[in-house]
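Novice: sequence and predicted structure, then a few things I'm wondering about:
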Amino acid sequence: MMLILLPVFGERFYIQFASKILIMIIFVSSLNLLVGFTGLVSLGHAAFFGSSGYVIALLSPIGTSMNLFVALLSSVLCVGALGAVFGALVLRTKGIFFIMSTLALGEMLFYFLHDTAFAGGSDGIYIHDRPGFNLFGWWQLDLSNVSHFYYLALILVCLVLMLIKRIMNSPFGRVISGIRVNEHRTKALGYHTYKFKLVCFVIASMIAAISGFLAAVQFGVVNPEMVGWHASGHALMMVILGGKGSILGPVLGTTTLMLVEEIFQVATKHWQLLTGIVVVLVALFFPNGLAGLNFPKKRPET
Amino acid sequence: MRSVIEAIGLTKRFAGLSAVSDVSLSCEPGVIHAVIGPNGAGKSTLINLLSGDLKPTSGKILIDGLDVTGSGSSQMSLLGVGRSYQRSNIYPSLTVVENCNIAVQSRFEISMRFLGAVSAYPGVEVGTKRVLERVGLESVAHKKVSQLSHGEQRQVEIALALATNPKVLLLDEPLAGMGAEESLRIVELLRSIRSEFAVILVEHDMDAVFALADTLTVMLNGQVIDAGLPQHIRSSARVQAAYLGGDFSD
């Protein structure tokens, strides 16, 4: 209820900040699908977040605005294809080598965008005319309006969380849980686990594309930082803080970390030190993350 | 009757050591073929070769007369070879039902579906329920496997193998670490299902072996030293020598 009414009462800054949190929740949830549900720890997930922003920035025509659904769909599909290529490569490795190869591919993409003129180099690209949507001429969705943007982000967060919940209750979800807990046995039961991991990797990259799309459209700019490993690591921190392998975890982890960072940033120059202390404390005292707090009995992992 | 699974001259060498050398055996539907021998005889390696977990250095494996040598564990499973492991190899942090769901589902073409709930597929529900009834785990169906007793976890291990509807069942020490009462329950279970499968059973509990086996193969140092009916094995001098630690060739 509060979330729905926020744009009515909130100031512009708070609405924008809340939208930023919503975008991150989508991104962190997509990473959680890999890290928490499938057991694939990726340090290159921002590649999909950032490249989705680049897709929309490169596709956006100057002077007219693209249809929102066409724009979103093309971002998601392009990034899904990229996810299939990256996934096909990195999923041939396991454990620490998987982490390193996701990191390597992500960094390759970063330097490609940073050091070539193809997409604006280190400055990135501006999106002059944001995608919009016109409902039969009597209502216009305007994404430069902070409230419109906020509601779009809120709707997409709900859809993504519902989608992930459905995935985890589906036959496919059973198999990826099986892969997380015991891949060897899952193979021995007749599953070609590589195929399942690849499909999951592509789904996760497509969900990340939704968040990257929103992030690019919110401020109308994309830059190479969006694909860098810092962004991946930041999201991974939120997954762990919130509690991996829970639908609610990314919501709690993202909100907490972003609020804490914001508060410390206002308070002191050394905000990163303070944030670090908070993360360490949570990791020490709540090994199952913030989502493990209310129902500690539900997650007695062995 | 025609054998469902047949091994011909199966050999596995690990860096110079022959864990299994030139082993041949076969098993027909409705038959329990026990493989016995002292520790380190190569029994588990033999099971791992038959299940596709390991690839043989030489020799052949036939399923229904078809050469399937070199198939991996997931292919072997799809060909109808189900197995249990010596050390429980199950899903500890999932519930018993979820464990069985994963196994049952592997026989339906639905595992890539990610929108409908598992409960929307009656085949999976029915299959899971049936296998839980069979192994007697209905009462703990919704518990996490890690919360079960060792004996119950061993039952889950067997449930996973049964749930894939195999033709051949490879059981690697199903009674390992079990108390007398639990062992008895598993022996009863195996007796009740024996008619449907070709079972290859590796087991140390000789009471259970002789209560169940129709035919036996005895291994020592990777080789078959004797094979035959239970009464033959019981009186075999070579087998007695092997179990008493003597080298039978002396």
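Specialist: It's in.
Novice: and chain B, which residues reach chain A?
Specialist: Residues of chain B found near chain A (CB under 8 Å from any CB of the partner chain) are B:51, B:53, B:72-75, B:77-78, B:83, B:85, B:89-94, B:98, B:101-103, B:105-108, B:110-118, B:121, B:124, B:144, B:146-147, B:160, B:164. All C-beta spots, glycine's among them, are computed from the backbone N, C-alpha and C.
Novice: please, a PyMOL command that selects the buried ones among the residues you listed?
Specialist: To isolate the buried members of these in PyMOL, using 16 or more other CB atoms under 10 Å in any protein chain shown:
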select buried, chain B and resi 51+53+73+74+77+78+83+85+90+91+92+93+94+98+101+102+103+105+106+107+110+111+113+114+118+121+124+144+160+164
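Novice: in helices, which of the residues of chain B next to chain A fall?
Specialist: With helices taken from DSSP state H, the overlap with the residues of chain B next to chain A comprises B:73-75, B:77-78, B:98, B:101-103, B:105, B:124, B:160.
Novice: pipe those residues into a markdown table and attach pLDDT per row.
Specialist: Listed next are these as a markdown table, based on pLDDT from 0 to 100:
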| residue | pLDDT |
| --- | --- |
| B:Ser73 | 92 |
| B:Ser74 | 92 |
| B:Gln75 | 93 |
| B:Ser77 | 94 |
| B:Leu78 | 93 |
| B:Glu98 | 94 |
| B:Asn101 | 93 |
| B:Ile102 | 94 |
| B:Ala103 | 94 |
| B:Gln105 | 93 |
| B:Val124 | 91 |
| B:Leu160 | 94 |
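Novice: give the buried residues for the helix or strand of chain B with the lowest mean pLDDT.
Specialist: One helix or strand of chain B scores below all others by mean pLDDT, DSSP states H and E: helix B:237-243, with a mean of 82. Of all the residues in helix B:237-243, those buried under the rule 16+ other CB under 10 Å are B:239, B:241-242.
Novice: that one: how far from the chain's middle?
Specialist: Computed by CA atoms, centre = their mean, to the nearest Å, the chain-centroid distance of helix B:237-243 equals 25 Å.
Novice: determine which two of the ones in helices among the residues of chain B next to chain A are furthest apart.
Specialist: B:Gln75 and B:Glu98 (24.3 Å; CB to CB).
Novice: which strands and helices lie in contact with the least confident helix or strand of chain B?
Specialist: strand B:215-220, strand B:223-228 (3 or more CB pairs under 8 Å, 6 or more residues apart in numbering or on different chains; DSSP states H and E).
Novice: show me which residues of the stretch 101-250 of chain A sit near chain B.
Specialist: Residues of the stretch 101-250 of chain A lying close to chain B by CB under 8 Å from any CB are A:166-167, A:169-175, A:177-178, A:181-182, A:184-193, A:196, A:199, A:203.
Novice: which among those residues end up buried?
Specialist: Among these, those scoring as buried are A:167, A:169-175, A:177-178, A:181-182, A:185-191, A:193, A:196, A:199, A:203 (criterion: 16+ other CB under 10 Å).
Novice: wait, which of the buried residues of helix B:237-243 is closest to A:Ile263?
Specialist: Closest approach to A:Ile263 among the buried residues of helix B:237-243 (CB to CB): B:Ala242, at 73.5 Å.
Novice: give me the below-cutoff pLDDT ranges for chain B.
Specialist: Judged against pLDDT under 70, the low-scoring parts of chain B cover residues B:1, B:244-250.
Novice: all helices of the stretch 101-250 of chain A, in order?
Specialist: Here the stretch 101-250 of chain A has its helices, by DSSP state H, counting those that start in this stretch, at A:146-169, A:171-188, A:193-219, A:229-242, A:249-267.
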